[in-house]
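K.L.:
Build me a structure from this.
(chains A and B)
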Amino acid sequence: MKNNLYTVVLVAFVFLVVIPIIYTLGVALFVEDSFSDNMQLLMDKNTFLLLFKSIMLASIIALLSTLLGSILGFILYKTKVKFRSFFKIALLIPLFISPYILAVAWKDFFYFFFNNTSFISSYFGVILVLTTIYTPLSLLIVGSALSNINAQLEESGLVIVNLRRVILKIILPLLKPALLSSFVLIFIFSISEFSVPAFLGVKVFTTEIFTQFSAFYNHSLAILQSTLLILICILLLYSERKYIADAPFFSVGNKGTSNKLYHMRNQNRLSLLVLFTWFIISIFLPFLILFIQSFKNGTTQFIKAFELLMLTFSQSIGLAFIGAIIIVFVGFIAAYHSTRQNKTQKRKSFDWLLLIVFTIPSTIFGISLIKFYNQPKLDIIYSSYIILLIGYVGKYSFISAKLIGNAIKQIPNSLFEAAQIEGIPFFEQLRKILFPLIMPTLFVAFIISFVLNLGELGTSIMVYPPGTEIMPIKVYTIMANAPQALTSSMTLIVFSVTLLIITSFYFMIKPFIKKNNFVND
Amino acid sequence: MIKLSNITHLYGDKAVLQDLSLNIEANQLTCLLGSSGSGKTTILRLIAGLETPKSGIISIENRTVTQNKQILIPPHHRHIGFVFQDLALWPHLTVYENIAFGLKNRETTPKQSKKDHINKTVFDMLDFFGLQEYAEKYPHQLSGGQKQLVAISRSLVLKPKILLMDEPLANLDVKLKRKILQHIKNLSQSSIFGLDLSIVYVTHDHKEAFAIADKIVVLDKGEIEETGTVEEIKRSNNKFMKYFLEY
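P.N.:
Presented below is the predicted three-dimensional model:
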């Protein structure tokens, strides 16, 4: 029964998500008539120059984000700095906000102070915006690794050398896998990012793919270009497969190891200043600028923006909600199978599928879905919200599976063996033992999936059926021709709604996690 | 009672038990004594049906329960109780719920007045171990010793014929250890609650084994070094035994 359910979910995922990708790549590579012409275009010097620029850009963003994330991570997870709990949550917010929102905010910032946006509409702008977005990811990865270093390893070093030597010779080498993972993941996300360079008018490889697809209708070339990106992502993933595939940084609560915290007497103020400055740059300033720009000429544009977006609220929230439920279900099935089954090779296959789809650039995933479902027999999917839901599930099930998987891994096997010996049936074990113990994680996985669905743009912009009214698409399609104040107002509203949802969920879940904290005793 | 014949068991490529044969007699408290990695916990898990050996036969009460790499009788039909090293108390259930959980799911529990029956059985057990006042507490609200007693109660409430105990007293202070050991000894020597109990007790501490065992099986690197009563083991001339008992 349990294996049947797993097989059904795996087969459904393969058919609905994976086959469209394989089909699209296959058609572009082996069927399209223009293949040889497009191969020539693909081999063109300019294509490789653009790819090289995109690789350099992604490398700089990955390097900066990992560096900043490590500094913030060390302060938050290794020192007794004031307001740690607040900053641990607050600094993660940019990760859950659509990248284009921050792009709009920073463009407004340069417009407001310098009356000129040419500086931000450049590679520098892309680096600035994407670094503020991906630094929290690095903070999450490095912070998780730091808090899981066994305190005794550091203490045994501290009795013979000073703290600086302990950091250099013990902590840093232990952090190496996390630092590499942070770099690789951020590189993949940056090279795949479409909305920020597109909004800032910077030509990179993903915007070129979008142009070939949407402006020139050269689907085959767009897909061939995508294949290059996918190959780069898979190569990098392969080099860092163990740590990223296990993704220990996606977890709720601690893992039971004691964490050593340091008193940084002299540097305490400096640490607080660093945290506060980053909070201002990554959250407060964008919000403030959007606010000023929205209201500088009165409330007319804000009201208009609200009226435009009001129609989208129910559909956006409804779709994000249904998507999140499916993502948690798929994530649970994949996680349960990979953590509690014995056949090591087979059990990892679903994990790998989820990871590969997760790292495929959103635009390419969107193109794959359109190409595959745009057939009369599959019209029910192509012309309905189902295609958006498939997009959400494909993109975010990996995160949900890892969160839930890491929670299941923390439950000792003996709890289930004890139930097995007492003759408790399988589904009763799930209902009475497993679900209550992982409930906080299921809830967190739901919230994260919901917020990510709500802000998803890269895939949605490609696949949204006619008549769809969801927030990110509405903002993005209006942006091009709307007055600055209207764009800022719409972005401010989306920003505020997302912040409000994150904050309310946080307060809903806080007592819930505290109550269930015995799980980690 | 329990018979293991020519058992070989591997973890990955590493053999933890090599062609091991062992008889455990009924109504006795048998201690499996050995240092870490000697294979004692593996034997317990094989008897319980939580692991499948690479080769060999396991029988309980003349019924073959495991043979040819196959579990013929699943753990919950082997009439066993298991006290795990980490106790495996379900952290989200109260003491009462932990003990009653298995009873609620047993087909043999009479359907009529099921609730009353469960209540009485659980409270009788709690009473015996002096835990009545903790019935509504959660495991994390109990002391180490109380947790051990709850784990033992949970295993006994289903009236097993064999109680398997995997170093259940590790990390307890000496005073508490003595108290619980006395409870275990009492259990093995009397027919409390109509139990006709055989106990297999795993430990690395020879003093613990000498205090409670009727019979001791000494293991090293997956093989049996010595078998006998406490006196026989103490008198043993086996080189390994002398070395082991010294430390």
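
K.L.:
Need the pLDDT of residue 17.
P.N.:
The chain I'm using is chain A. The score at A:V17 is 93. That number is its pLDDT.

K.L.:
oops, I was thinking of chain B
P.N.:
The per-residue pLDDT of B:L17 was computed as 91.

K.L.:
Residues in contact with whichever strand or helix holds it: which ones?
P.N.:
Here B:L17 sits within strand B:14-24, counting by DSSP states H and E. Under the contact criterion Cβ atoms under 8 Å, 6 or more residues apart in numbering or on different chains, strand B:14-24 has outside partners B:1-10, B:30, B:37, B:39, B:42-43, B:46, B:53, B:56, B:198, B:200, B:217, B:222-224. In this view, the C-beta of every residue, glycine as well, is placed from N, C-alpha and C.

K.L.:
so where's the chain uncertain?
P.N.:
I went with chain A, as the question did not name one. Screening chain A residue by residue with the criterion pLDDT under 70, one finds the ranges A:1-2, A:31-38, A:41, A:240-258, A:265, A:341-348, A:512-521.

K.L.:
that answer is for a different chain, and I need it for chain B
P.N.:
Low-confidence regions of chain B, defined here as pLDDT under 70, cover residues B:107-112, B:171, B:187-195, B:245-247.

K.L.:
Which parts of chain B are helices?
P.N.:
Listed in chain order, the helices of chain B (DSSP state H) span residues B:40-48, B:95-104, B:114-128, B:144-156, B:174-189, B:206-212, B:230-235, B:239-246.

K.L.:
Surely A:K82 is in contact with A:F276?
P.N.:
No: using Cβ atoms under 8 Å, A:K82 is not in contact with A:F276, being 10.1 Å away.

K.L.:
Buried only: go through the contacts of strand B:14-24 for me.
P.N.:
A residue is treated as buried here by neighbour count (16 or more other Cβ atoms under 10 Å in any protein chain shown); on that basis the buried members of these are B:1-5, B:7, B:9, B:30, B:39, B:42-43, B:46, B:53, B:56, B:198, B:200, B:217, B:222, B:224.

K.L.:
I'd say B:I152 and B:L126 touch.
P.N.:
No: judged on Cβ under 8 Å, B:I152 makes no contact with B:L126 at a distance of 11.5 Å.

K.L.:
Could you pull up the residues touching the residue nearest the centre of chain A?
P.N.:
Using Cα atoms, centre = their mean, the residue of chain A that lies closest to the mean C-alpha position is A:L95, 6.8 Å off. Residues in contact with A:L95, defined by Cβ under 8 Å, 6+ apart, are A:133-134, A:136-137, A:140.

K.L.:
follow-up on the earlier one: name the residues of the strand holding B:L17 that are buried.
P.N.:
Under the neighbour-count criterion of 16+ other Cβ under 10 Å, strand B:14-24 has B:16-17, B:20, B:22, B:24 buried.

K.L.:
C-alpha coordinates for that strand, PDB please?
P.N.:
What follows is the C-alpha trace of strand B:14-24 in PDB, where atoms were taken according to Å, rounded to 0.1, in the frame of the first residue of the first chain:
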ATOM      1  CA  LYS B  14      31.400  -6.200   7.700                       C
ATOM      2  CA  ALA B  15      30.400  -9.400   9.400                       C
ATOM      3  CA  VAL B  16      29.100  -8.700  12.900                       C
ATOM      4  CA  LEU B  17      28.100 -12.300  13.700                       C
ATOM      5  CA  GLN B  18      29.900 -15.300  12.200                       C
ATOM      6  CA  ASP B  19      28.100 -18.700  12.200                       C
ATOM      7  CA  LEU B  20      26.800 -18.100  15.700                       C
ATOM      8  CA  SER B  21      24.700 -20.700  17.400                       C
ATOM      9  CA  LEU B  22      23.000 -20.100  20.800                       C
ATOM     10  CA  ASN B  23      20.300 -21.500  23.000                       C
ATOM     11  CA  ILE B  24      18.400 -19.300  25.400                       C
END
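
K.L.:
partner strands of that strand, parallel or antiparallel?
P.N.:
With DSSP bridges as the criterion, the sheet partners recorded for strand B:14-24 are strand B:2-11 (antiparallel).

K.L.:
isn't B:K54 right next to B:Y11, touching?
P.N.:
No: using Cβ under 8 Å, B:K54 and B:Y11 do not qualify as a contacting pair, with a distance of 10.3 Å.

K.L.:
Just give the number of residues close to the residue nearest to A:I360 when sequence neighbours are not counted.
P.N.:
If you skip the residues right next to it in sequence, A:I360 has A:I230 as its closest partner in space, 5.9 Å away by Cβ to Cβ, 6 or more residues apart in numbering or on different chains. Residues contacting A:I230 under the criterion other Cβ atoms under 10 Å in any protein chain shown number 20.
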